[in-house]
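> for reference, the sequence and a predicted model appear below.
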Amino acid sequence: MADQVPGNSGLSEEELQELVAASDAGARNPAGPVGTALAIVAVVWSLFQVVLASPLSNVLLPGDLINNSRQIHLAFAIFLGFCAYPALKSSPRGYIPVQDWIMAFVGAGIALYGYFVYDKIVNSGGLADDTDKWFALAGLILLFEAARRALGPAMAIIASIFLLYVFFGSSEYVPEVIRWKGASLKKAMSHMWITSEGVFGIALGVSTKFVFLFVLFGAMLDKAGAGNYFIKMAFGALGHLRGGPAKAAVVGSAATGLISGSSIANVVTTGTFTIPLMKRVGFSSEQAGAVEVASSVNGQIMPPVMGAAAFLMVEYVGISYFEVVTHAFLPAAISYIALVYIVHLEAVKRNMPTLGNKVVSMGKTVGGMTIFFAGFAALCYGVQYPVRGIVALVPEGAGWVLAALVFLAYVALVWMAAQTDDLVPDDPNAKQVELPEIAKIYKSGLYYLLPIIVLVYFLMIEQKSPGLSAFWATALLFAILLTQRPLKSIFRGTNDTANAFVAGVGDLINGLIDGARNMIGIGLATATAGVIVGTVTLTGVGQVMADLVEFLSGGNLVLMLIMVALLSLVLGMGLPTTANYIVVSSLMAGVVVELGANSGLIVPLIAVHLFVFYFGIMADVTPPVGLASFAAAAVSGGDAIRTGFTAFFYSLRTVALPFVFIFNTDLLLIDVTGFQAILVAITATIAILVFTAGTMGWFLTRSRIYESVALVLIAFALFRPDFFINRIQPPFTSIDPAQFETALAEASEGGELRLVVSGPDFDTFEVKDTTLVLPVTGESAGRLEATGLLLSPEDGVIKLEEPLFGSPFAETMQSFDFYGDDPVVLKSVSAPADQMPKEIIFVPALLLLGLVAFLQSQRAKGTREEGATA
């Protein structure tokens, strides 16, 4: 019998890995020639994606393969999906039935249909003929079946409902509010399979171009041994503190989140070690599992390598990945800080013991970790200066010189690692827990940081595309996997270089296989979600959803956001994060922006997408279907539902933050200066810690109800100082619409005016309002013309004509009916008022915090004195 994992309910290490495989890479793993053939297919898929992302792809691959890379990507995903995922629980695991072989080959062939008839499709303008439509329909059916196997029934059911709506949207059984004319089979199949609007749309394109390389990067970094190194470093730094195993679980999961894009794999990888140790110091099974779930799931929001949905944002929002990371960094960082604080408060409340006999200072530990992360960030940023110097000295051969320097640095770091023993996983259930010492182990894996530095450098400094950045980092990992074992053998003088090289080749091949298998579900999810996106674009149901949600929310933006959050959570019960994000953002992102503008709040599109993303990651937490919670419960032996609810409670800050940054975009570092960014980071960190203390019922000692309320109020004031200052002093002064042109000409350069435009909606003909933000730029005389707005004063009102095509507000105002009986008018104009700095609200908030701290410290002091007397 396989060894039991300590502290769990009886699942062995093999069974846990099978749990991960069943959810992420397929539960079927046939042996013999068939298994070898599938491994070869997986390796070929990985190598194809690496070559596709390389700078030499145009030389190494024919143009037809590059143009049809999405079809090839999906063909691999469907083929491996039918081979790796059994149809039913009772289906065989050790071999592949004949019907699955047939569906695998037919599905892959139909996925490649666009490649085989590429010229015909181009010549027809993407319109399907009678042959095309039947191939497309068969392709959709097989895609839905593959998605059902890999992702569960929810994804396939939702996509099927949307597809049925395309065909039968005109039926009397469809509610009138969402009824549409319907589409023929030929029209629907053209849209969904032949063109790039449906299955082969943006989502699958991002999966092909970006996501695969990052998943492969993580799989190979894990094969190199980085996962165990990060966990040991986290335990060496934090394991000796009170509640140390839980704190180490948080930090270790944040680090391994860089390696694994899967919450479930992250839970099992770190949880088999962290959960038993958490239970050992006093956490219940459910609490231990919940800490691991909360920290593992949040790995998807932690830059620089976020979940797959972050790469979709690049295309959906139309900004660079660098900007996505910049906007996402602060909320993710303070979210993890809050989780560390949560487990600290749990440990203090329960007076948990420490592990080991090492006495450490909390201050020194935090200081040391801060210095390490600051130093690592400085290294990633500072490397650009020597690079620029080398490029200036040898512009023609700079690439070769830099590659040689990176290799020399790698060899030097491997030599350092060879001076210590290779790290092996510890037994968390040993009688005497010997936590690792940083001073002894840090050298053994410093070279793992090199690919991360390369990745961050290309992403953040050079601002190259995510695909190219991941390619260079992955190329370095190829070299590391092939050479780390032989180099260590040489440096240690063991004379086993040949066997070490063979083992390295095995590591590389296994990394390529794991990367491909981990991509099956993501490839199928993005393709299937394309049907939902295609339905929205074909039927216009998105606008209908906007009207419906606006009606249900009564035009209230907060209620609207709550509805979007609930929709994400409900869909998250059956959909993985990426699919959930695609569905909800396709339906709701534009609605939130539009409704915000209608109510006078300008919500940046990136803020809305991050809002959806944050609630999308709760898919793996939310009971009753949160898979990460089930995985954690399998390790801890606790109840899966209670683990999920506890994890959701620990994730309250992940739930609260999106609502905050919708109304205070400073948290996303949008339009802030360097000094403002530092101030925002400090106050946001204080705010999230205070919010955590308020919701946990413990600050310096157990909080009374009014103290908890006060702490939450203080956190709100620190997060949203504008809420209070706007009620003390109005943020805008009104200007007569008739004076708009004059006010625009006289406004200071760099300022802004806000216009409220009112008029009939193009679809519903009902009068609606929307807010336009007009930046003040250029010479005074030409400012109005530059806006593209056409004013027509008449009957005491300022009427608006349809904006000039291509002008700044042409797209924003296209939802108005400019040719109806009711005119579109300029309802109001306002300019920013002179207002006290909103940061002044921090003063009373911090004074109130000081009062709460004083009251609690006095009470805690009295409790200690009573205990000493007793």
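Thanks, I have the structure now.

> ok, for Leu772, nearest residue in space, not its chain neighbours?
Using Cβ to Cβ, 6 or more residues apart in numbering and skipping the chain neighbours, the partner closest in space to Leu772 is Leu755 (4.5 Å). From N, CA and C alone the C-beta is placed, and that goes for glycine too.

> tally of neighbours for the one you found?
Neighbour count for Leu755, taken as other Cβ atoms under 10 Å: 23.

> same question, Ala607
Residues lying near Ala607 (other Cβ under 10 Å) number 24.

> Asn726 too?
15.

> nearest residue to Val549 in space, ignoring adjacent ones along the chain?
With sequence-adjacent residues excluded and distances taken as Cβ to Cβ, 6+ apart, Val549 is closest to Val591, at 5.7 Å.

> run a quick neighbour tally on the one you found.
22.

> right, and it touches Leu561 too?
No - counting by Cβ atoms under 8 Å, Val591 sits too far from Leu561 to count as a contact (10.5 Å).

> thinking again about what came up before, on the three-state scheme, the residue nearest to Leu772 is what?
strand (DSSP: H, G, I helix; E, B strand; the rest coil).

> what pairs with it across the strands?
For Leu755, the beta-bridge partners under DSSP bridges are Leu772, Val829.

> OK, contacts around it?
By Cβ atoms under 8 Å, 6 or more residues apart in numbering, the contact set of Leu755 is 740, 771-772, 774, 826, 828-829.

> report pLDDT for Val199.
At Val199, the model reports a pLDDT of 91.

> for it, what are its contacts?
74, 139-140, 143, 192-193, 527-528, 530-531, 534.

> any idea how far the helix or strand hosting Ala647 is from the middle of the chain?
Per DSSP states H and E: Ala647 is located in helix 640-650. Computed by Cα atoms, centre = their mean, to the nearest Å, the chain-centroid distance of helix 640-650 equals 21 Å.

> outside of the helix or strand hosting Val44, which residues touch it?
Element membership of Val44, judged by DSSP H and E, is helix 32-53. Taking contacts as Cβ under 8 Å, 6+ apart, the residues outside helix 32-53 that touch it are 29-30, 57, 60-61, 65-66, 69, 72-73, 76, 79-80, 83-84, 95-96, 208-209, 212-213, 216, 467-468, 470-471, 474-475, 509, 512-513, 515-517, 519.

> ditto for stretch 642-652
So stretch 642-652 is in contact with 285-287, 289-291, 293-294, 297-298, 339, 342, 618, 621-624, 626, 628-630, 632-633, 636, 695, going by Cβ under 8 Å, 6+ apart.

> so for the helix holding Ala647, what's the average pLDDT?
Across helix 640-650, the average pLDDT comes to 86.

> and it, C-alpha only, in PDB?
Taking Å, rounded to 0.1, in the frame of the first residue of the first chain, the C-alpha atoms of helix 640-650 are listed here in PDB:
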ATOM      1  CA  ALA A 640     -14.800  19.900   2.700                       C
ATOM      2  CA  ILE A 641     -17.900  22.200   3.000                       C
ATOM      3  CA  ARG A 642     -16.700  23.700   6.300                       C
ATOM      4  CA  THR A 643     -13.200  24.100   4.900                       C
ATOM      5  CA  GLY A 644     -14.800  26.000   2.000                       C
ATOM      6  CA  PHE A 645     -16.800  28.300   4.200                       C
ATOM      7  CA  THR A 646     -13.800  29.000   6.400                       C
ATOM      8  CA  ALA A 647     -11.700  29.700   3.400                       C
ATOM      9  CA  PHE A 648     -14.300  32.100   2.100                       C
ATOM     10  CA  PHE A 649     -14.300  33.900   5.500                       C
ATOM     11  CA  TYR A 650     -10.500  34.100   5.300                       C
END
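
> return the set of buried residues in it.
Within helix 640-650, the residues scored as buried using 16 or more other Cβ atoms under 10 Å are 640, 642-648, 650.

> mind listing what Thr354 touches?
240-242, 244, 281.

> which of those residues ranks first by neighbour count?
Gly244 (28 neighbours).

> let me know how buried the residue lying closest to it once chain neighbours are set aside is, in neighbour terms.
Spatially, and ignoring its direct neighbours in sequence, Gly244 is nearest to Leu238 (5.1 Å; Cβ to Cβ, 6+ apart). Residues lying near Leu238 (other Cβ under 10 Å) number 26.

> ok, and what's touching the helix or strand containing Phe214?
Element membership for Phe214 (DSSP H and E) is helix 212-224. With contact meaning Cβ under 8 Å, 6+ apart, helix 212-224 is reached by 46, 49-50, 53, 73, 227, 258-261, 269, 305, 308, 311, 448, 451, 455, 466-467, 470-471, 473-474, 477-478, 480-481, 484, 507-508, 510-512, 514-516, 518-519, 522-523.

> what's the average pLDDT for it?
87.

> same question, stretch 65-85
92.

> so which bits of stretch 674-691 are buried?
680-681, 683-691.

> from what I see, Ile96 and Arg28 are in contact.
Yes - assessed by Cβ under 8 Å, Ile96 is found in contact with Arg28 at 6.9 Å.

> which neighbours do the two share?
Residues touching both Ile96 and Arg28 (Cβ under 8 Å, 6+ apart) are Cys83.

> residues contacting the residue lying closest to Ser253 once chain neighbours are set aside?
Among residues not flanking Ser253 along the chain, Ser295 sits closest, at 3.8 Å (Cβ to Cβ, 6+ apart). Each residue near Ser295 by Cβ under 8 Å, 6+ apart is listed here: 249-250, 252-254, 336, 339.

> contacts only, for Arg242.
Contact analysis of Arg242 by Cβ under 8 Å, 6+ apart lists 344, 347-348, 352-354.

> dump those to CSV, plus distance to Glu779 and secondary structure.
Formatted as CSV, these follow (distance: Cβ to Cβ, whole Å; DSSP: H, G, I helix; E, B strand; the rest coil):
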residue, distance to Glu779, secondary structure
His344, 58, helix
Ala347, 63, helix
Val348, 62, helix
Met352, 67, coil
Pro353, 72, coil
Thr354, 68, coil
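
> tell me which two of the residues you listed sit farthest apart.
The two members of the contacts of Arg242 with the most space between them (Cβ to Cβ) are His344 and Pro353, at 14.4 Å.

> more neighbours: those two, which one.
The neighbour count for His344 versus Pro353, taken as other Cβ under 10 Å, is higher for His344 (22 against 12).

> what about the more buried one, distance to Leu241?
Distance, His344 to Leu241, by Cβ to Cβ, to the nearest Å: 8 Å.

> need the residues touching each of the two.
Common contact partners of His344 and Leu241 (Cβ under 8 Å, 6+ apart): Lys247.

> and the helix or strand harbouring Leu846, what does it pack against?
With elements taken from DSSP H and E, the one containing Leu846 is helix 842-869. When contacts are defined as 3 or more Cβ pairs under 8 Å, 6 or more residues apart in numbering; DSSP states H and E, helix 842-869 sits against helix 705-719.

> after the helix it packs on comes which helix or strand?
In N-to-C order, the element after helix 705-719 by DSSP H and E is helix 721-728.

> downstream of that following helix, the next helix or strand is which one?
Following helix 721-728 in sequence order, the next helix or strand is strand 732-735 (DSSP H and E).

> list the buried ones in that following strand?
Quick answer for strand 732-735 (16+ other Cβ under 10 Å): 732, 735.

> picking that back up, per-residue confidence averaged over the helix or strand the residue nearest to Ser253 falls within?
Ser295 is part of helix 285-297 when elements are defined by DSSP H and E. For helix 285-297, mean pLDDT rounds to 85.

> and the angle from it to helix 640-650?
Taking axes from the mean of the first three to the mean of the last three Cα atoms, to 10 degrees, helix 285-297 and helix 640-650 form an angle of 60 degrees between their directions.

> what about the helix or strand just after helix 285-297, distance to the chain center?
The C-terminal neighbour of helix 285-297 among helices and strands, as given by DSSP H and E, is helix 308-313. Centre-to-centre, helix 308-313 and its host chain are 6 Å apart (Cα atoms, centre = their mean).

> good, wrapping up.
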